[in-house]
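Undergrad: coords below, sequence missing:
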């Protein structure tokens, strides 16, 4: 839609008030997942490349670690057994320096690329979640605006420690640990048996820690999303709550949720520190067992110094990746919870989109026939029918909650009705079901102004010009004068910067900007949802004049109206009804 604003219904003040007393949802059931979610690797290119790159770098690190251990053992045994100083064999020193440098470069490359891959993966998932939620339409995302906001922001950021910390250590445990254990088995089978026997203790204790913290990450994410939802609803409805004298009630619920979120976060940190301490102690004891066995055999001359030194250097490296996996376990549960929540959204089926081009709305008629949409309280609208003829002004009326906006969404293809259908009738009488039409060819002919206009950021001039890029300054001044925006411009100037959703302007001023964009747009159909809702009586006439001007230009206008002056201005009027079910 040109000059289109956001079409998703915004939380109302009454909803914010009712949410304050709503029972919290039960914690989600824990689902056993693989350490690496296959959907993440299959569908997120940055994550897949990160895994492949980290595996290769893990093999390089393993080779460097083994080379370092063997070279250190050779230098140490030459010095202690043959009394040959390291300077007499510079090739060994050069090889040791090269092995250490290679390992350092591999670690540096892994860390640098991990952060970049995490950023790319989060951006990819965030964009896909938002795009999918938008394609689901206002009914598909109804009641989940704040929930999706929490997921797309702080929720998906949980992937960063998962991809940067947990995944590399998991892959190192699959490369460094078995290769180092293989070399130890070649050098000293007894030490390899001790290491292989104690190595399962690390994942065993990881499982015990996992059972102790079962479901904690899911509950933490759920608490955060509930807190976001309550906060957004409360902020949206705060003016109405203040006017009704009920502003002192909902903050107690928000405070309780905040305290619960704080307690859950601190609990996760306590378990993280505890599990880290347990795994560190366990790995130290396991390495000590290997070292004691080697020391006793060296004392009794049952083992040569070279393999003993090499095994002593390699033994900590066998346990180190697994130990790090254990310390990063909480990052893995948080990250996998975020991945699951994201793919839960992405796997919701999208409405079927048509492929037929939309007829030209300058001569085509839009219609609803017996449209019924189910709502929480019943059917709204119920058996709605209307005909929007080209070049005419249609007023849609009805009591609050009757489904006027929902009927409008059906007419625009944003919602599929449960009964009835929406269609476009071409000038030759051919009827095209809206489900068969490529909606982008319909929206390109429509300018939409919802109840709460959402404006892009930028200067006033850029915001208006985005509705019609080829508009010159005279065009901008003309539409500003027609909508009363010229007084705002005279006070603030064309270069006044607007924030997200037009922040920096009052609600009435945002409405004037949105009206100016609708007037400036070349779209044939202009859809106005309560255009005078935020304007006083003295400025209401500007909107009436605007509608008259649009009609004079031959454009089609549909307006959802409560005020009688808007209804009287219309060429046609239709009333929408709802049916409440118990």
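TA: In hand now; what should we look at? Since the model is a prediction, treat every value here as computed from it, not as a measurement.
Undergrad: and residue 84, how many neighbours?
TA: Using other Cβ atoms under 10 Å, residue 84 has 14 other residues around it. Quick note: C-beta positions are derived from backbone N, CA and C, even for glycine.
Undergrad: repeat that for residue 124.
TA: Counted with other Cβ under 10 Å, residue 124 comes out at 16.
Undergrad: what pLDDT does the model give it?
TA: If you check residue 124, the pLDDT there is 91.
Undergrad: and for the one 10 residues further on?
TA: Here, the pLDDT recorded for residue 134 equals 79.
Undergrad: ok, it to residue 350 distance?
TA: Shown here: residue 134 relative to residue 350, a distance of 10 Å by Cβ to Cβ, to the nearest Å.
Undergrad: residue 344 now?
TA: Counting by Cβ to Cβ - residue 344 and residue 350 are separated by 14 Å.
Undergrad: also residue 380?
TA: Where residue 350 is concerned, residue 380 sits at a distance of 24 Å (Cβ to Cβ).
Undergrad: and what of residue 67?
TA: Residue 67 is 53 Å from residue 350, by Cβ to Cβ.
Undergrad: pick out the residue nearest the middle of this structure.
TA: Among the residues of the chain, the one closest to the centroid is residue 152, at 1.9 Å (Cα atoms, centre = their mean).
Undergrad: surely that one is in contact with residue 131?
TA: No: here residue 152 does not reach residue 131: they are 10.7 Å apart, not a contact under Cβ atoms under 8 Å.
Undergrad: ok, now which ones touch residue 493?
TA: Shown in contact with residue 493 (Cβ atoms under 8 Å, 6 or more residues apart in numbering): residue 460.
Undergrad: next one: phi and psi at it?
TA: With angles defined as degrees, to the nearest 10, residue 493 sits at phi 100, psi 160.
Undergrad: pLDDT score for it?
TA: Value listed for residue 493 in the pLDDT field: 84.
Undergrad: hang on, the earlier thing: comparing residue 67 and residue 350, which residue is more hemmed in?
TA: residue 67 (17 against 11).
Undergrad: find the nearest non-adjacent residue to that one, please.
TA: residue 99 (4.1 Å; Cβ to Cβ, 6 or more residues apart in numbering).
Undergrad: which elements pack onto the helix or strand encompassing residue 124?
TA: Element membership for residue 124 (DSSP states H and E) is helix 90-140. Here helix 90-140 touches helix 45-80, helix 145-150, helix 159-161, helix 167-187, helix 329-346, helix 404-411, going by 3 or more Cβ pairs under 8 Å, 6 or more residues apart in numbering; DSSP states H and E.
Undergrad: not counting the third one itself, show me its contacts.
TA: In this case it means helix 159-161. By Cβ under 8 Å, 6+ apart, the list of residues contacting helix 159-161 reads 115, 118, 119, 121, 122, 125, 328, 331, 334, 335, 338, 339.
Undergrad: same check, this time on the last one
TA: When contacts are defined by Cβ under 8 Å, 6+ apart, helix 404-411 is touched by residues 7, 9, 137-139, 366, 368, 371, 373, 375, 380-381, 384, 386, 388, 396-398, 415-417, 422, 434, 450-451, 527, 529, 558, 560, 576.
Undergrad: 6 Å instead, please
TA: Taking contacts as Cβ atoms under 6 Å, 6 or more residues apart in numbering, the residues outside helix 404-411 that touch it are 138, 366, 368, 371, 373, 381, 384, 396, 398, 415, 417, 422, 560, 576.
Undergrad: what subset of those residues is buried?
TA: 138, 366, 368, 371, 373, 381, 384, 396, 398, 415, 417, 422, 560, 576 (16 or more other Cβ atoms under 10 Å).
Undergrad: spit out the contact partners of the last one.
TA: Counting by Cβ under 6 Å, 6+ apart, residue 576 touches 381, 384, 398, 402, 403, 404, 407.
Undergrad: I'd like to know how many residues surround the fourth one.
TA: In terms of burial, residue 402 registers 20 neighbours under the definition other Cβ under 10 Å.
Undergrad: confirm that it sits in a helix.
TA: No: if the criterion is DSSP: H, G, I helix; E, B strand; the rest coil, then residue 402 is coil and not within a helix.
Undergrad: look up the pLDDT of it for me, please.
TA: Reported pLDDT for residue 402: 87.
Undergrad: list the residues that contact it.
TA: 380, 576, 577, 578.
Undergrad: out of these, which are inside strands?
TA: Using DSSP state E, no member of those falls in strands.
Undergrad: can those go into TSV with extra columns for distance to residue 258 and pLDDT?
TA: What follows is these, written out as TSV (distance: Cβ to Cβ, whole Å; pLDDT from 0 to 100):
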residue	distance to residue 258	pLDDT
380	35	85
576	40	90
577	42	88
578	37	87
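Undergrad: closest one of these to residue 566?
TA: Residue 566 has its nearest neighbour among the contacts of residue 402 in residue 576, at 14.9 Å by Cβ to Cβ.
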